[in-house]
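S.K.: structure for this input, please:
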Amino acid sequence: MHKKQGQAYIGLILVTIIVGLSFIFVKIGLRYSGAMDLLAHRFTAAAFSILLLWIFGFIKLPPFSFKKAKWLLLLSLFYPLMFFALQTFGLQHSTASEAGIIFATTPIITLIAASFFLKEKTTLWQKIGIVLSIAGILYIIYFTGNISGSTTLKGLFLLMLSVFVLVAYYVLGKVISANFSAMEITVWMTLFAFVVFNCFSVFDHVQNHTLSQFFSPFIHMEFLWAVLYLGVLSSMITSFLTNFALTQVPASQIGVFNNLSPLVSIAGGVFILGETLFEYHIIGGLLVLIGVVMTVFFKSKSK
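M.R.: Got it, this is the predicted structure:
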C-alpha cells in the first residue's frame with residue numbers, strides 16, 4: 001500500500017506539471033481555432049492514443065456493461081466534459097497565469113467538500129499547510145497586480161465554475177473509484193468526451209456551412225503540438241494518474257497539489273514565452289511548496 005501511495009504522489013506531481021503547462025497550450029491552440037473545435041481535437045488525440053496502446057497490447061479495454069455505464073457516465077459529466085469545457089471557454093476571456101491562480105483555490109474547496117461529504121479527517125498541520133499554500137498564491141496575486149485588463153468577469157466566472165466541477169469530480173470519483181480500475185475510468189472518460197465534443201463541433205460547422213474550417217488549424221505546426229500535448233498528456237495521461245491517485249490518496253490531499261500549477265504556469269511563461277521571473281514569484285512559490293509538503297507528510301493516522 002505504501003509503495004502504491006508513493007506512486008500516486010509521484011503521479012500527482014506529474015499531473016501538476018502537465019496541468020500547469022496546459023494553460024499555455026490551450027492559449028496557443030485558441031490562436032488558431034474556437035474553443036469547441038480545440039476540445040474536439042484534443043480528445044480525438046486522446047482517444048487515438050488509447051487505441052494505439054490497445055492495438056500494441058499495452059492496455060486491455062474493459063468490457064462494457066450498462067450497470068457500470070451509468071456511474072461512469074455520471075463521473076464523466078463532471079470530468080472531463082464540464083471541467084474542460086468551462087476551462088477552455090474561460091481561457092478565451094482570461095490569461096493562462098490567471099487561470100492557474102484561480103485553479104489554486106481548488107484545495108480549500110476540496111478540503112471542505114471532502115470533510116463534509118467523505119468525512120475525511122485533516123490534522124492541524126495539514127490545515128496550516130493549506131493556509132501557507134494559499135498565502136503563497138495570494139502573495140503572487142498581490143504583487144502581480146491582481147487581474148489584468150485582458151480578463152473579463154465572464155472568464156473568471158467560468159474558470160471558478162470549473163474549479164467547483166473539479167472538486168465534485170474528486171469527491172464523486174473517490175466513491176466511484178472503489179468499484180472500477182483507474183484504466184477503466186480513464187478509457188470511458190476519454191471516449192465519452194471524444195464522442196460528445198466532436199458531435200457538438202461538427203454539428204455546429206455543418207449548421208454554419210464551415211465544415212472545411214474544422215481541420216484547417218492543422219496547417220499550423222504549433223497547433224498540432226498543442227493538440228497532442230492537450231490530448232495525450234493533459235487529457236488521457238492526467239486522467240489515468242488522477243484516477244489511480246483517487247484509489248490511494250484522500251481527496252483533500254489530491255486537491256492541494258493543484259497549488260503547484262500556478263508555479264508551473266509561471267515557469268512555463270519564463271521558459272516558453274520568455275517572461276521575466278520576479279522575486280515575489282520565488283517567495284510565493286516557496287510558501288506553496290512548504291504548504292504542499294506539510295499537507296502530504298502530516299496526514300492523519302486515523303482511518
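
S.K.: number of nearby residues for residue 209?
M.R.: 8 (other Cβ atoms under 10 Å). Every C-beta, even on glycine, is put in place using the N, C-alpha and C of the backbone.

S.K.: whoops, I mixed them up, residue 131
M.R.: 14.

S.K.: wait, it sits on residue 290?
M.R.: No. Contact criterion Cβ atoms under 8 Å: residue 131 and residue 290 do not qualify, at 10.9 Å.

S.K.: longest helix of this structure?
M.R.: helix 2-29 (DSSP state H).

S.K.: and that one, how far from the chain's centre?
M.R.: Distance of helix 2-29 from its chain centroid, counting by Cα atoms, centre = their mean, to the nearest Å, is 8 Å.

S.K.: equivalent analysis for stretch 66-74, please.
M.R.: Using Cα atoms, centre = their mean, the offset of stretch 66-74 from its chain centre is 22 Å.

S.K.: now name the helix or strand holding residue 189.
M.R.: Residue 189 belongs to helix 182-207 when assigned by DSSP states H and E.

S.K.: wait, residue 53 touches residue 60, no?
M.R.: No. Residue 53 is beyond contact range of residue 60, at 9.7 Å (criterion: Cβ under 8 Å).

S.K.: look at those two and report which has more neighbours.
M.R.: residue 53 (16 against 12).

S.K.: and that one, what does it touch?
M.R.: residue 59 (Cβ atoms under 8 Å, 6 or more residues apart in numbering).

S.K.: could you point out which element follows the worst-scoring helix or strand of the chain on mean pLDDT?
M.R.: Across the helices and strands of the chain, mean confidence by mean pLDDT, DSSP states H and E is lowest for helix 251-256: a mean of 68. The helix or strand immediately downstream of helix 251-256 is helix 261-271, counting by DSSP H and E.

S.K.: what are the buried residues along that next one?
M.R.: Within helix 261-271, the residues that count as buried by 16 or more other Cβ atoms under 10 Å are 261, 262, 263, 264, 265, 266, 267, 268, 269.
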